[in-house]
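**Student:** Need a 3D model of the sequence below.
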Amino acid sequence: MNKKIVSVLAALVLMGGCKTVPASDETVWIRTDGHPLSDDPTYYQTKFEIDRVVCVSEVRKSAAGASQGQLQGLGGAIDPLRHQDARGKAILDLMKQCMAGKGYVLVPKSSSEAVSAAYRKQRAKP
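**Tutor:** Numbers count the residues shown, from 1 in each chain. Reported below is the predicted structural model:
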């Protein structure tokens, strides 16, 4: 794993401490290069949609036999609090893994700006 990504993730863990995500806080995908999807909507939003569709397809293939309820939400901002059973968590982990490989991370919406800023700051370092 890239040292910069590990550094940013370590900083996020330290920033978050033992704080849990409130049930009302939805999650969103952000780019690990720090670029908001709104920077260049034509490029970034289109790329995100393609990456998301590819990952959803891969997860659906991997999760053959999962209930429809467990697969629901894969297309949007997945809320891990809705996937409390082991199979649901495994499906969410597959989606996170696939999206991470494409340069995204799932974070609480309330901290998405701070996390993006941390990624931008890390990217700016030589």
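
**Student:** quick one: low-confidence ranges for the protein?
**Tutor:** Within the chain, the stretches falling below the threshold (pLDDT under 70) are 1-25, 64-85, 126.

**Student:** again, 90 this time
**Tutor:** Scanning the chain for pLDDT under 90 picks out the ranges 1-25, 34-45, 59-92, 122-126.

**Student:** all strands for it, in order.
**Tutor:** 27-31, 104-108 (DSSP state E).

**Student:** and the first one, which strands flank it?
**Tutor:** Partner strands for strand 27-31, per DSSP bridges, with pairing direction: strand 104-108 (antiparallel).

**Student:** As CSV, could you dump the C-alpha coordinates of the strand it pairs with?
**Tutor:** C-alpha atoms of strand 104-108 as CSV (Å, rounded to 0.1, in the frame of the first residue of the first chain):
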residue,chain,number,x,y,z
TYR,A,104,-11.9,6.1,-3.3
VAL,A,105,-12.6,5.7,0.3
LEU,A,106,-16.0,5.6,2.2
VAL,A,107,-16.2,8.1,5.0
PRO,A,108,-19.0,9.7,7.1
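
**Student:** Could you report the distance from G34 to V56?
**Tutor:** To V56, G34 is 24 Å away according to Cβ to Cβ, to the nearest Å. Glycine gets a C-beta too; all of them are placed from N, C-alpha and C.

**Student:** Same check on T27?
**Tutor:** 15 Å.

**Student:** more neighbours, those two?
**Tutor:** Using other Cβ atoms under 10 Å as the criterion, T27 and V56 rank with T27 on top: 21 against 18.

**Student:** The more buried one contacts V107, doesn't it?
**Tutor:** Yes. Shown here, T27 and V107 form a contact pair, counting by Cβ atoms under 8 Å, at 6.4 Å.

**Student:** what's the closest of the strands of the chain to A117?
**Tutor:** strand 27-31 (10.3 Å; Cβ to Cβ).

**Student:** residues near Q122, how many?
**Tutor:** Q122, neighbours per other Cβ under 10 Å, totals 19.
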